[in-house]
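1. generate coordinates for the sequence data below:
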Amino acid sequence: MSAIPPQASELEAALRQAVMHHQAGRLPQAEDIYRRILQVQPDHPGTSNNLGIALRDQGKIDEALAVFRRVIAVAPDYAPAHSNLGNVLFAQGKLAEAEDSYRRALVIRPDMPDALKNLGLVIVNRGRFVESFPPFVAMPSSPLARRRALRATAPPPRRTSCGTTMSSGHM
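-> Reported below is the predicted structural model:
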């Protein structure tokens, strides 16, 4: 295994520092560090995506949109950028575009819970209630998914002495 070049380890440390600022709500500091990292590694999708989130969280929506679109141009298979672009578009009320972004994210990563949930919300907001059901059911944390898992592992129902069926728990 080769050693990490000093520059790479410095960039990793800077990224950890930026994420710590970001998680602590110190968004201008995080933004500054993300931008410095991108001066050295301009096409790093994760750092760019984090920058877009920090910009969005600061209300710099146009900048965030530009960053997410650039990430997608450079790394079209980076699902988080598609999902985050969808989040910004959804917040702007651009529901058709948001739906497209969530669907693209899910083509790349079908198991992305946030994209599934947000796709369902967009579909509901577009008035297509019945169509919104599958994304919500597909979410691993959805009540319906949990019920299905419980039913798959539950013992069979019992017949009572009066002929009715009882289950062994609440569903």
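2. the residue nearest to the spatial centre of the chain in helix, strand or coil?
-> With distances taken as C-alpha atoms, centre = their mean, Asp114 lies nearest the centre of the chain, 4.1 Å away. At Asp114 the chain is in helix, as set by DSSP: H, G, I helix; E, B strand; the rest coil.
3. that one and Leu95, how far apart?
-> Look at Asp114 and Leu95: by C-beta to C-beta, to the nearest Å, they are 17 Å apart. In short, each C-beta sits where N, CA and C put it, glycine included.
4. helices or strands up against the lengthiest helix in the chain?
-> With secondary structure taken from DSSP state H, the chain has its longest helix at helix 6-23. Applying 3 or more C-beta pairs under 8 Å, 6 or more residues apart in numbering; DSSP states H and E, we find helix 6-23 packed against helix 27-40, helix 45-57.
5. using the three-state scheme, assign Gly25.
-> Here Gly25 is recorded as coil under three-state DSSP.
6. and it, how many neighbours?
-> 9 (other C-beta atoms under 10 Å).
7. from Leu38, how far off is it?
-> Note on Gly25: its distance to Leu38, by C-beta to C-beta, is 21 Å.
8. repeat for Val124
-> On the measure of C-beta to C-beta, Val124 and Leu38 end up 36 Å apart.
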